[in-house]
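>>> Sequence first, predicted model second:
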Amino acid sequence: MKPDISALLLDMDGLMIDTEWMLAKFWMQAAHEAGFPMELEHVLGIRSLSAVFAKPKLQAIFGADFHYEAIRARRRELTAAYIAEHGITPKPGLHELLHFAKDAGLSLAVTTATDRERTDTYLQQIGVHELFDAFICGDMVKLGKPNPETYLTAAREVDFPPERCIALEDSPNGILSAYAAGCKPVMVPDLSEPDDSIKPMLFACVPTLADVIPILKGAN
């Protein structure tokens, strides 16, 4: 039986906009400036992770004197400066997918660890903000990803049960959140492919957002 899909719930960084690589670059730069040898593997471990989880994770690696808030603030400063000069780029297939979904009558929600102000700014810059019916951002939930709260809240906002929602994610922490909420997780990998612990949770894994369209055509 084909699943009945009524909504798409989309992560933002690394999924809708090509920012994950710069977040990695500037996390490492900010940490190195503060004297901590953060490497890519450490950044990958905190992708989509809310601060309540990311801070103790990084302090467990680098010690209690890893000043998370100050280093994150510097990372944001570096990222903002880069975006101000170079802008941001939508991921391939984003506009095609969103317009297909709207034409098909699906509800659309943003589910991101980024705060609401920056979420609004980024999505307005790439011309898709007005397509969304709901926004669940990092500063709007108590327990962010990988806790299921983000996706449970999004499902309530679009007024459909989680099992009728496809959750689009590029990171393992996002997949964990969506799966725990009861959504149908679809991974569009960015900086890393799903490992053996993530693969059993996936409804599908596709190379681009445009490749989600055939899934939707087959679902309804």
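Yes, it's here. Residues are numbered from 1 along each chain as shown.
>>> Centroid-nearest residue for the protein?
Relative to the mean C-alpha position of the chain, the nearest C-alpha, by CA atoms, centre = their mean, is the one of Asp11, at 3.2 Å.
>>> Ramachandran angles for Ala7?
Dihedral angles of Ala7 (phi, psi; degrees, to the nearest 10) stand at phi -150, psi 150.
>>> how near is it to Thr111?
According to CB to CB, to the nearest Å, Ala7 stands 11 Å off from Thr111. C-beta: built from backbone N, CA, C; applies to glycine.
>>> try His42
Distance from His42 to Thr111, counting by CB to CB: 24 Å.
>>> and those two? which has more neighbours close in?
Regarding His42 and Thr111, a neighbour count based on other CB atoms under 10 Å identifies Thr111 as having more, with 34 against 18.
>>> Which residues does the more buried one form beta bridges with?
With beta bridges defined as DSSP bridges, Thr111 has these partners: Ile136.
>>> who touches it in this structure?
Thr111 makes contacts with 9-11, 136, 150-151, 154, 167, 174, 177-178, as judged by CB atoms under 8 Å, 6 or more residues apart in numbering.
>>> Inside helices: which ones of these?
With helices identified by DSSP state H, the entries of those that belong to them are 150-151, 154, 174, 177-178.
>>> from the residues you listed, which two are the most distant?
Ala154 and Gly174 (11.9 Å; CB to CB).
>>> and Ala134, how far is that from Phe26?
Counting by CB to CB, the gap between Ala134 and Phe26 amounts to 29 Å.
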